[in-house]
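Asker: The following block contains a protein sequence and its predicted model.
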Amino acid sequence: MTWVRGQNRRPDLDPTKLPTAIDIAWSAGIYEGEGTVRMCGKKSKPQGLMAAVVQKDPELLYRLREWFGGAIQSSHNASNCYTWNICGDRARIFIALIHSFLTVRRKLQVSQTNALEFLGNQSPNGMSIEELQGRLIAFNEEKREALAEAHYRQRSLKLLPNVDTKGGQRTA
């Protein structure tokens, strides 16, 4: 499975198997019982997305990693738990794939993170991994272009300090 952004890509976090519909439904059940999703980054401007599942036995987590990518970490305290973490675009694809199987409570948690923003916050029911990736690529490209345009406008205004930004007229 090819992942969306290539800049900070880590192939060691890529999935190694393609999940079946049953695998996705099973994963949704595991996530429903033990998972969490949250925004990462600065509190004033969170940008990243992270999904995680915690288990005492890592066997389930290895399956999740095979199908969706991510990493598994063991705790270094008395709980002896393992955590599967998946971040960024990989997390968005994972959440989109399992979304139709989640309870209303979990869907509400997902909606609070904007994990499905790349789909216009619509349900991804019936979409394949490839379709989801295509939508995510297009969304990221649109965001990148919008940011580049905003940056260009901001630089232009700094270069022309005598321009009234409301009317576009030079002031004396």
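Answerer: Good, I have the coordinates.
Asker: Quick check: residue 69 touching residue 88?
Answerer: No - with contacts counted by Cβ atoms under 8 Å, residue 69 stays clear of residue 88, the gap being 10.0 Å. Every C-beta, even on glycine, is put in place using the N, C-alpha and C of the backbone.
Asker: okay, the two: which has more neighbours?
Answerer: Using other Cβ atoms under 10 Å, the more surrounded residue of residue 69 and residue 88 is residue 69, with 24 against 18.
Asker: The top helix by length along the chain - contacts with which helices or strands?
Answerer: Looking across the chain with DSSP state H, the single longest helix is helix 129-159. If you count contacts as 3 or more Cβ pairs under 8 Å, 6 or more residues apart in numbering; DSSP states H and E, helix 129-159 packs onto helix 88-98.
Asker: Pull the distance from the helix it packs on to the chain's centre.
Answerer: 6 Å (Cα atoms, centre = their mean, to the nearest Å).
Asker: quick check: angle from it to helix 129-159?
Answerer: 140 degrees (axes from the mean of the first three to the mean of the last three Cα atoms, to 10 degrees).
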